[in-house]
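A.B. asks: how would this look folded up:
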Amino acid sequence: MSTHESDTQEHEPKNFLDHAMKWLGDVASLLFLLTVLISFYEVVMRYVFNMPTMWVHESASFIGGLLFVLGGSYALATNRHVRVVLIYDIVSGKTRRILNVFHHLMGMLFSGLMVYASFHMVSAAWYSPWGGFKLESSGSAWDPAFPALTKLWILIIFSIMFLQFLLHLVQEIAAFRSTK
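C.D. replies: Residues are numbered from 1 along each chain as shown. Sure, this is the predicted structure:
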């Protein structure tokens, strides 16, 4: 197997959830094109026709924020997260598996804490202090509910990432046991 083939194989999704998140990330990446198009529209409207929009900036920021959050799950699904390769690449296969288990455990801890925190953010953004349903909005002249929707998206993605880390941990432990 060539180096290129092993690199490609290393970045392939490892389970059904990774496949789903890779597919979602690939499809959602087209939203970057939408962001460029509406930003171009804003520039033309503002500088050619002197008729600026009130919705483009918030919409582009909202889309970009959603894609940024999705990027963490996509990176995890395709094994392209940040690691200290200086150390990782020189250790034995067994030590790599141990480092991977540690990575997955720390990832579960981090994403679990983020789920907890984002749940409280969503609760505050979706309900008024007296318990009625009211989405938090931007407070601008257009006033979309993008802050509430973004916070829900963060909760969903970190919940998915927690499951991804759990599946990766189970797969790593199974692989570790099969090599003994």
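
A.B. asks: got the end-to-end distance for stretch 40-59?
C.D. replies: 13 Å (C-alpha to C-alpha, to the nearest Å).

A.B. asks: If you count neighbours, what's buried in it?
C.D. replies: By neighbour count on 16 or more other C-beta atoms under 10 Å, the buried set for stretch 40-59 is 42, 56, 58-59. In short, each C-beta sits where N, CA and C put it, glycine included.

A.B. asks: can you check stretch 28-44 too?
C.D. replies: 28, 35, 38, 42.

A.B. asks: swap in stretch 103-111?
C.D. replies: By 16+ other C-beta under 10 Å, the buried positions in stretch 103-111 come out as 103-104, 107-108, 111.

A.B. asks: circling back to that earlier point, and the buried residues of stretch 28-44 as JSON lines, adding secondary structure, pLDDT and distance to Ala145?
C.D. replies: Shown next, in JSON lines, are the buried residues of stretch 28-44 (DSSP: H, G, I helix; E, B strand; the rest coil; pLDDT from 0 to 100; distance: C-beta to C-beta, whole Å):
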{"residue": "Ala28", "secondary structure": "helix", "pLDDT": "97", "distance to Ala145": "20"}
{"residue": "Thr35", "secondary structure": "helix", "pLDDT": "97", "distance to Ala145": "19"}
{"residue": "Ile38", "secondary structure": "helix", "pLDDT": "97", "distance to Ala145": "18"}
{"residue": "Glu42", "secondary structure": "helix", "pLDDT": "97", "distance to Ala145": "21"}
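
A.B. asks: Lowest average confidence across helices and strands of this structure, where is it?
C.D. replies: Taking mean pLDDT, DSSP states H and E as the measure, the chain has helix 3-10 as its least confident helix or strand, at a mean of 58.
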